[in-house]
Every structure is written in C-alpha cells, then in structure tokens.
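Engineer: got a predicted structure plus its sequence, pasted below:
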2 protein chains.
Amino acid sequence: MPELPCEIVRAEGGRIGLLVIDGLGGLPHGERGLSELEQAHIPNLDDLARRSSVGRVQLLSTGLTPGSGPGHLSLFGYDPMELEFGRGLLEALGSDYPLSGGEVAARGNFCTLDGSGSITDRRAGRPTTEDCARLCEKLCAEVELDGGTLTLLPGKEHRFTAVFGAPGLGARVNDNDPQVEGRAPYQFRGRDDTSAHTAALANCFFEQAHSILGEEKHANGVLLRGFSTRPVLDQFSERFRLNAVGIAIYPMYRGAARLVGMEVIESAGNDLGDQIKVTEKNFDLYDFFFIHTKPADTAGHTGDFAQKIRALEEIDKHIPSLERLGFDVLAITGDHSTPCVRKEHSWHPVPLLIHSNFTIPVAEATFDERGVLKGDLGVVRGPELMSLLLAHAGRLDKYGA
Amino acid sequence: MPELPCEIVRAEGGRIGLLVIDGLGGLPHGERGLSELEQAHIPNLDDLARRSSVGRVQLLSTGLTPGSGPGHLSLFGYDPMELEFGRGLLEALGSDYPLSGGEVAARGNFCTLDGSGSITDRRAGRPTTEDCARLCEKLCAEVELDGGTLTLLPGKEHRFTAVFGAPGLGARVNDNDPQVEGRAPYQFRGRDDTSAHTAALANCFFEQAHSILGEEKHANGVLLRGFSTRPVLDQFSERFRLNAVGIAIYPMYRGAARLVGMEVIESAGNDLGDQIKVTEKNFDLYDFFFIHTKPADTAGHTGDFAQKIRALEEIDKHIPSLERLGFDVLAITGDHSTPCVRKEHSWHPVPLLIHSNFTIPVAEATFDERGVLKGDLGVVRGPELMSLLLAHAGRLDKYGA
C-alpha cells in the first residue's frame, strides 16, 4: 500500500472531481503518426491542460497492463498488486452484484462434456447470450445445495458468475477448468477448512448441473475459476476521510466504487452530459466525485480510430460545463490506455491533468500522450494519485514538525 | 523483486533483442560541454531513437553505481540489491568458470608477508599476469586439502579466484584481508556449520600456500574475500518463459548470462559485426538475444574521450544490420555509465531505446544523455525493463479482469 499516514488526512477541505475517461491513452496511428488524442480536436481539454499540472499515471508497475478493476482500484488509491482478489469478484461487481462478506464468487463457463466426462468444448459452442440467461435460470430453479445458497449471474455467450453463500466460506479453491479440451474437469478442493466447504458446494453444483443440463446439446457442464471473496478494504471514508460518490453508467464501475465504500448513484443517465447534471444536482452532498465515461474505451477495443476520436471530441464538449461546477480540484485521466492499434488495453501510462489553484502549468502542454510529457507531474504511480488530489484540496497536513 | 506475476507471462510472443553497450552513458567534457554520445557521429542510433520510445535505465537505486555483475542482473530483470552474492561469484563467472552448486568462490590476492606473518604489501608488488598464472599453477599442483577440492583461476597481476569444492559448503566466511598493511591476515571463521567447513579449507589453503610460496620474493601469501556460492535464481526460461541466448565476447558477460540460465554461444567472434552474424545464424532458435559489446566501456575506463567516441561510432555502423534482423522488439542500453571524465563507472541513469510497433516516438529525441530526456520512457528501473520488453513483445496478459 502507498504510504499515506492516516494521521495527516484532514476531515475538511476542498471538493474533488475525478473524471475517468476509460481507455484514454492511445498510440500513434497511420501515416501522420498521431495518436487518437493528438488527432482529435479537443480544444477544451488542451486549454485546461495549459492551465493545469499535467503528466501521466502508471496504474500498475512498469510494463503491466491493467484490467479495468485493478486500473480503478489503483486510481482510488489502493495498490491492486497487493490486494488478492480473483476474477470472480470482478465478474460479480461487473454484474452489479454487491458481493457480501459471506459469499464466494467464481467466474463460470458453460462447457460440453462427452459420455466419459471429458471436455469436448470449453465454451459449449458459444451459446447465445439469451441461451446463457435461460440456462442460468434453469439451474437456479433446480439446483439444491446442502448447506449453502447459489446465485447465478448470466454473462455474455458462455459466461456466467456463480455466487455461493454460507457463513464463513473460504475462497482458496482450485479452478476445475483444466484449460484444455480432452480432459475431465478437476474436482474442487479447498486448501483450508472454510474453503473445503466452498469446494463441497461447488462439487455439488457441478454434479447437479451436469444432470440437469443432460438434455442440452452443447451446454451440459460448468467450469468455474477464480474463486474469490470480497476483500476487506479500508473504506474510502476512513482512509481518505472523503464522502465519496460514484457516477457511472456501467455496472462494473459502480461495483468498483462500491468496493471501496463509495456511495453510488443508481441512475447516472445515458452519457457524460447526463452524468454532469447528476453531479451538479448532488454537488453539495459529497466531497469526492468519481465520474466514469466509457465510449473511448469501447472504440479502442473495436480498433475504430475515427470512432475513438469522436468519443474524445464528444467528451471535450462537456469539459466547460464540468469545469463550471466549481470543483476545487479537478483531475482527468484514465484507468488504462486502449490504443486502437492494439484493440485491447495496454501498459502505456495514461495522460493525467490536475486542475487546482496550486498547479504548475506549462504553456506548451497539450492533453495527449506526447503533450503531457512537457508537464510537471512526470509519471505518478496510480495508488499515489489520491495523495496528490488530497494535497491539492488542502486535505493533508504536513508530515512532521 | 519487481512485481511481475508469473501467471501473466505468456509462452508465446515476439522476438526480443537486447544490445548492451557496456559503459554507454557519459558526461559533458571539455569546452563544448558535450558528452561522448553527444559528440559522436551516430546517425543510425539517432535515427532509430526518433522512431522509438526513449528514456533512461536506472540499474540500482538512485545514486548507486553498479558493478558490471549487478548492472547486468538488473537488465535481466533481477534486483541485484535483493540478491546476496559476493565478489567471488562474479570473479568466477568472469573467468568463465561455471560455479556449481557445491562450490564456494572467493576473490584472491597474492600478498607479501613478513617473517612475523604481517602483511607488507597487499598486492605482492603487483606481479605480472604471467607470474600470477605460474603461481596459481604451482599452488594447484601442490596444495592438498583434506575433505575438499581447490581450483585456482588466475586473473590479472596479483588477482586470482579460489574455488573450494565439497558437498554442502557454506559461504558465510569472513575475509582474511584486513585491508591495511602491517597486520596479519585474519583467521577464516564460518558463521554456521557448513561455512565452518569452508573456513577450515580456506585456513588450510592459507597455511599451505605460505609454505609452498616461501621461496617467492614477493608473492608468499594469499588474501581471500567475498566468499560466495552460486545463488539460486529463478531461471530466465521459467521467469520470463523465454528461450534466451547470450552473445558476448568477454567471459564475464557470458557468465552473467549463464547465471540466469541463458544459453551462451561460445564463439561470438571478435566484434559486434561478428556477433550480429552469429545472431542472424541463430535467429530462429531463440526468442531473446542478449548481445554485449565492450569497447565503449574500456575507453571510458582509460578516460580516452576520442577513443570512446570512436567505439560508439563503430557500434553505430552496425545498427542497420542489427535492425534488419527483424526483432519484434529491439532495446539498446548499457549496464552502467562509464564517463571518461571519471575513468570509472558512475551512478547516472543510462540512455535507453526501445523499438517496436507500440512505441511513442518523439521527433526531437536523439540517442544521448540529454536527447533521451525528451522521450516518453522517463527513468525505467533496471529490474522492470524486462517487463517492458515482454509487454512490447506481446508476451504479457493484462493484470486482472
């Protein structure tokens, strides 16, 4: 964990806004060799950058590409590489399921098993998302676990999340997915007593699912991996003494906000314009606003350069109204880069801008990968960003006499 | 150790070339105030820098000057400050001696002892290198250790390496060199049982050497320091899932490569041109190539500014053929700086260039101490460089969902 001594965190101070532009960073593209941000017409962001401290955020250690969960935890001041939590937790959060203390979540796949119990297709021929929902519903109705509950959250195609509930369940359970076809799934085993309980529930689920789904042409088995409990995190309110709220349209990001104890606005609207209105409406109620916007990342994943530029230009139009809200500190960055040339997340540090009364602006800076190199912030480690925002908000005492 | 979780390292991906220009970095010199790299005519390196991500590598923590062993281990992704190994190991590796698990190596000096056993010259009047070889041969022929073997590797002038062999020898043995003249060498003592065995062998060697060398005018005693075993390192192939090879002309660097489990080409030729041919010949056999070139460092140590410039210009001529080999990722840096004005290694971070399809080139960059400041890489910690190279080669999964 980063070193922010709790005794220097003040309960009072300025209001902070953190706009997370998902997948913000990009890479040079095409003949002109300009990145998405460099090619986009973003006069408001560039103007704000010239009046701000700018630099980059590195979410994880050098060269590592963050998933969205770790990327957000890092921005929220938690070192994701020191937190142990599995895929299951993130999947549950991604399905807007507030995993509680007594529950264990695992990422699930429907698969195809042959007569001998060997896996012939780890993804059950990729059922439709509708089919996945039907299969989950069927299992939920018929599976009966002795000594525990089962909740299934359908995902896309073959994917679902399984949540087991019973007092004191452990998550040190192996995946049953052998990761190759032609083999039978492994038995679940727990590495301690509380995890043995979870493993027993999971084995029972596996057997019953195979029997209940016997008539299905493809999806007649289940594979589970990444068993995880909800980690016990210091909550945002204690750690940073902030009354924080998340204003996100997508469930995954509301889940990430909830994980650190932020409140969450359930109806954040349909776009950044709506989110800014929601922020304005709640402006006096909170002192930290996490605002998440997704479209730039989506365009990055599809590799649609023009679309990512449009997404960034659309965001840019909302910057003046965001500024007008009057945050004492306004930070704009991303949870990771999603360069169109890669169509996936990347390890490159993400542009960062911090606007307050205590910045060191550089006139030549612009809000893009190369423009921010001219700024004063250099590379800020993700989990240390919160310290910087608290400092700018006058929420940190000096350290030592 | 740096944080590279092993589960995200892929077995497949692009081919990586790492050219280590020993002693690469320099310092401003003379009236024009230009460094060796700045004054050298290196159009190919400068051109490559403008098409690459550039910055600097810091091998150890801030202000610390790396020896060649730690410098290389750092570049290879191992934190030399967390590894305990002594001078003896590096000397043995430097003599191309593959220290095995049951052996302990120590750096040795021939010294002069007076009639009372006190040291009158810690370097025995600096014997010639030929004399050193003769003395080692004589000792090897006549010393007989009870319960262990002795191997002596002659070095330059008064220097040699002593290797003791016996099952389970420990290395927690003090130096016998008091570091001043006028005192008798210390007795060797082991700080645990296995090291007591080593100390007994070393004391026995000391006594016999003094007796055997009694006729020598100067070199009639031996001083040993830096007892060390071969550290148990994760091997490169497991840690990074790379099939790696070292192509180095000097033994020390082949030794460093071997230490982390790289294969080594025994006949790497006489210069960088030969090494590039060897690389080409083996290109399909490996997915990581460590290529080491020495002359710039040698010129730095002698303080010959013009010679270091020539060495850099000579390297520059080979850059096009190195590029033509077609690495997916080509990195060029050094294991430390060796500024001519210091005639020794220095703590200054070393210029770094990474060429791949996923870089953020900066048009103003050049490949020298000040030119790389304009780049996007900033200061990369040495042990994290490998993560960056793996990322560029598409060999890392993202971290977390």
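Structural biologist: Sure thing, it's come through.

Engineer: C-alpha only now, for contacts and for neighbours.
Structural biologist: Fine.

Engineer: hey, where'd the helices end up in the stretch 251-400 of chain A?
Structural biologist: Chain-ordered helices for the stretch 251-400 of chain A, with DSSP state H, counting those that start in this stretch as the definition, fall at A:251-259, A:272-281, A:295-302, A:305-324, A:385-392.

Engineer: can I get those helices in TSV including mean pLDDT and distance to chain B?
Structural biologist: Putting the helices of the stretch 251-400 of chain A into TSV (pLDDT from 0 to 100; distance: least, CA to the nearest CA, whole Å) gives the following:
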stretch	mean pLDDT	distance to chain B
helix A:251-259	86	10
helix A:272-281	98	24
helix A:295-302	95	14
helix A:305-324	98	15
helix A:385-392	98	18
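
Engineer: any chance of the ones you listed in JSON lines with mean neighbour count and distance to B:Phe367 as columns?
Structural biologist: Output for these, formatted as JSON lines (neighbours: other CA atoms under 10 Å in any protein chain shown; distance: least, CA to CA, whole Å):
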{"stretch": "helix A:251-259", "mean neighbour count": "23", "distance to B:Phe367": "42"}
{"stretch": "helix A:272-281", "mean neighbour count": "18", "distance to B:Phe367": "43"}
{"stretch": "helix A:295-302", "mean neighbour count": "24", "distance to B:Phe367": "32"}
{"stretch": "helix A:305-324", "mean neighbour count": "18", "distance to B:Phe367": "31"}
{"stretch": "helix A:385-392", "mean neighbour count": "21", "distance to B:Phe367": "31"}
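
Engineer: any idea how far stretch A:35-43 is from the middle of the chain?
Structural biologist: Relative to its chain's centre, stretch A:35-43 lies at 25 Å (CA atoms, centre = their mean, to the nearest Å).

Engineer: just the CA atoms of that stretch, as PDB, please.
Structural biologist: The C-alpha coordinates for stretch A:35-43 follow below in PDB (Å, rounded to 0.1, in the frame of the first residue of the first chain):
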ATOM      1  CA  SER A  35      -2.400   9.100 -31.600                       C
ATOM      2  CA  GLU A  36      -6.200   9.300 -31.100                       C
ATOM      3  CA  LEU A  37      -5.800  12.200 -28.600                       C
ATOM      4  CA  GLU A  38      -3.300  14.000 -30.900                       C
ATOM      5  CA  GLN A  39      -5.600  13.800 -33.900                       C
ATOM      6  CA  ALA A  40      -8.800  14.600 -32.000                       C
ATOM      7  CA  HIS A  41     -10.000  18.300 -31.900                       C
ATOM      8  CA  ILE A  42     -10.200  18.700 -28.100                       C
ATOM      9  CA  PRO A  43      -9.700  22.500 -27.600                       C
END
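
Engineer: spell out which parts of the stretch 51-200 of chain A neighbour chain B.
Structural biologist: Near chain B, the residues belonging to the stretch 51-200 of chain A are A:61-70, A:81, A:86-87, A:90-91 when assessed by CA under 8 Å from any CA of the partner chain.

Engineer: which ones are touching the residue of the stretch 51-200 of chain A found nearest chain B?
Structural biologist: Closest residue of the stretch 51-200 of chain A to chain B, CA to the nearest CA: A:Gly63 (4.1 Å). The neighbourhood of A:Gly63, defined by CA atoms under 8 Å, 6 or more residues apart in numbering or on different chains, consists of A:347-348, B:384-385, B:387-391.

Engineer: try it again at 7 Å.
Structural biologist: A:347, B:387-388, B:391 (CA atoms under 7 Å, 6 or more residues apart in numbering or on different chains).

Engineer: likewise for A:His197?
Structural biologist: A:Leu169.
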